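Asker: Starting from these lines, generate the structure:
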Amino acid sequence: MARPIWTGSITFGLVSIPIEMYMAVHERTVHFHMVTKDGGCRLRRKLVCPDTGKEYDFNQTAKGVEVGPGDYALVDQREIDRLKPEKGRSMEIVQFIEPHAIDPVFFDRVYYLRPGKDAAKPYRLLVAAMSESGKCALGRFVMRERQYMVLIRTLEDELVLHTLHYSDEVDPMDEGVAASMSKVKVSAAEQRMAGELIKSMTRPLHMEEFKDEFREQLQALVDAKTHGKQLAHAPEQKERSIKGTVNLMEALRKSLAAGSSAKSAGPHHVRHPVSKARGKAR
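Answerer: Reported below is the predicted structural model:
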């Protein structure tokens, strides 16, 4: 069983509930290392002064913040340590909010919160009370010498925690774009047809249908090379060309027609929602 990355207690009012925090997401990717051409040696990076070419050991370094071109303010580690938040085992709930009160742009990482030793009943009580109220909890705690702002919500019979970005970490939207969009006129017919297209493409969500096709193919390539096999190269798919001028109504009509054809063909002929095109990133 996985080990908790943080243990402590959720506190709200005078109530304290021992909990354990576990990773909820493990990102999967293929990791590459820099090696020699023949793969016989893994290479390492060095700490080198670009002006003199002199190499330095880690114990010869200091922490510095660039305050100007080539000008750094040096900060001693002991000065940093004095400012670090006090370590604790308390996750304080500061208020309860509506689920839509925080925009998803503020969400960072996600974790599962599970009851600690002899905490099943108070944990169950909090889950039941939050589920009945329809509210989420906004809290804060310290982990690994960093102070976090968090959102706690219920998922079935458990608690899920999202670490949040602070407001000054999220860039504001471009007011110029909003101003220019307010001048763009959309007809009632275009909006109605777009609504019909959205309705036709709305269906139950099954997350397991979505796969990282590039990662799976890359892993298959690595596995084949590990076992001395060769993979057949799939033919390159041409990127769909997009004309500079688009007839919006015509595009909507064709999209609706294509959706109707896919539905009539049956579920086995519906295209995968993730495009397999390998076009250039934009």
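Asker: Now do the phi/psi pair for Lys87.
Answerer: The phi and psi torsions at Lys87 (degrees, to the nearest 10) take the values phi -70, psi 140.
Asker: Begin at 438, not 1, for the rest of this chat.
Answerer: With 438 as the first residue, the last one maps to Lys524.
Asker: roughly how far apart are it and Phe578?
Answerer: Applying CB to CB, to the nearest Å, the value for Lys524 to Phe578 is 10 Å. Any C-beta I mention is one placed from the backbone N, CA and C, and that applies to glycine too.
Asker: Neighbour count: the two, which is higher?
Answerer: More crowded of Lys524 and Phe578, by other CB atoms under 10 Å: Phe578, with 24 against 9.
Asker: any idea how far Leu550 is from that one?
Answerer: Using CB to CB, one obtains 11 Å as the distance from Phe578 to Leu550.
Asker: Then Leu596 would be within a strand, right?
Answerer: Yes - if the criterion is DSSP: H, G, I helix; E, B strand; the rest coil, then Leu596 is within a strand.
Asker: check which helix or strand covers the closest residue to it other than its chain neighbours.
Answerer: By the measure of CB to CB, 6 or more residues apart in numbering, the closest residue to Leu596 outside its immediate chain neighbours is Leu550, 4.0 Å from it. When secondary structure is defined using DSSP states H and E, the element that contains Leu550 is strand 544-552.
Asker: which other helices and strands contact that strand?
Answerer: strand 452-460, helix 557-570, strand 595-601 (3 or more CB pairs under 8 Å, 6 or more residues apart in numbering; DSSP states H and E).
Asker: quick one: strands adjacent to it?
Answerer: The strands beside strand 544-552 in its sheet (DSSP bridges) come out as strand 452-460 (antiparallel), strand 595-601 (antiparallel).
Asker: how big is the angle separating it from helix 557-570?
Answerer: Taking axes from the mean of the first three to the mean of the last three CA atoms, to 10 degrees, one finds that strand 544-552 is oriented at 130 degrees with respect to helix 557-570.
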